[in-house]
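Undergrad: starting from these lines, generate the structure:
(one chain, ligands or ions: 1)
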Amino acid sequence: MARAFAEITFTPEVRALQERHGSVKSYGKFLEPTAEPGDRLSDAEAAFIMERDGFYQATVSATGWPYVQFRGGPKGFLKVLDARTVAYADFRGNRQYLSVGNLATDDRISLILMDYPNRRRLKLWGRARIVDLADEPSLVSRLHDAGYAARPERAVVITVAAFDWNCPQHIPQRLTLDEFQQHLAPLLSELAQLREQNAALRAALPTRR
Ligand SMILES: Cc1cc2nc3c(=O)[nH]c(=O)nc-3n(C[C@H](O)[C@H](O)[C@H](O)COP(=O)(O)O)c2cc1C
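TA: Just a heads-up that it's a prediction; the model follows:
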């Protein structure tokens, strides 16, 4: 936990509840000037981000409603451009443009990136800038994996304000089909060997009359 995270999230109402429930002192140290700033991604965050094939993204509508949408893509589609910047190519979808429309009135954005098998979770806050394909085609093509079947419409470039790692509690362990197949592969190969052995042993048995 670091200062940038605490400054954004520990609102007076949050602090009042921490006070009531006895945690205000232990969390208060993250608001001290001596606390680690925590607004620059290190190699650990960058490596984690580049391994993800999706994330949950929250924006705020012009009417103040939170809006959460899932963004998916090929592994590493959310790119770390530098310690303060992440970006992705945003694909054409159902043409409701809810997230992009929300970002037009409020550029604040929050992401949750999940690693279900290892029960890790990274939360990230930032300010998003939308760059249309027509305005900066080179940026969008740099962010887009041409082998992935989707049509990029824009780039979402996020200046990181804060991040925080969560503890693994209550994160269910889940595997994607790819991850499951990696676990399955040695078992399938063992099964094939056993089947072969079994067929050879059966063939070697004396035939019944
Ligand atoms: C034809 C089509 C229909 C879709 N329908 C849905 C849907 O019903 N719900 C949903 O969450 N996403 C749906 N999607 C995926 C979204 O369009 C996509 O995630 C997009 O990025 C939505 O962004 P937004 O919610 O910020 O507008 C659909 C995509 C396509 C191409």
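Undergrad: hey, let's count contacts and neighbours off CA atoms from now on
TA: Will do.
Undergrad: pull out the buried residues from the longest helix along the chain.
TA: When the chain is parsed with DSSP state H, its longest helix is helix 177-204. Buried residues in helix 177-204, counted by 16 or more other CA atoms under 10 Å: none are found.
Undergrad: can you check stretch 16-36 too?
TA: Neighbour-count burial for stretch 16-36 [16+ other CA under 10 Å]: Gln18, Val24, Tyr27, Phe30, Leu31.
Undergrad: just to check, the second one is in contact with Glu13?
TA: No: the pair formed by Val24 and Glu13 falls short of the contact definition of CA atoms under 8 Å, at 11.5 Å.
Undergrad: can you give me the offset of stretch 6-18 from its chain's centre?
TA: Its chain's average C-alpha position is 25 Å from that of stretch 6-18, according to CA atoms, centre = their mean, to the nearest Å.
Undergrad: who does the residue nearest to the spatial centre of the chain bridge with?
TA: Residue closest to the average C-alpha location in the chain (CA atoms, centre = their mean): Leu113, at 2.4 Å. For Leu113, the beta-bridge partners under DSSP bridges are Leu122.
Undergrad: can you pull the contacts of it?
TA: Ile49, Arg52, Gly54, Phe55, Tyr56, Arg121, Leu122, Lys123 (CA atoms under 8 Å, 6 or more residues apart in numbering).
Undergrad: which one of the residues you listed has the most neighbours?
TA: Ile49 (24 neighbours; other CA atoms under 10 Å).
Undergrad: ok, it touching Gly76?
TA: Yes: counting by CA under 8 Å, Ile49 does reach Gly76; the two are 6.9 Å apart.
Undergrad: identify the residue spatially nearest to Ala16, adjacent ones excluded.
TA: Nearest residue to Ala16 in three dimensions, chain neighbours excluded: Val24, at 7.9 Å (CA to CA, 6 or more residues apart in numbering).
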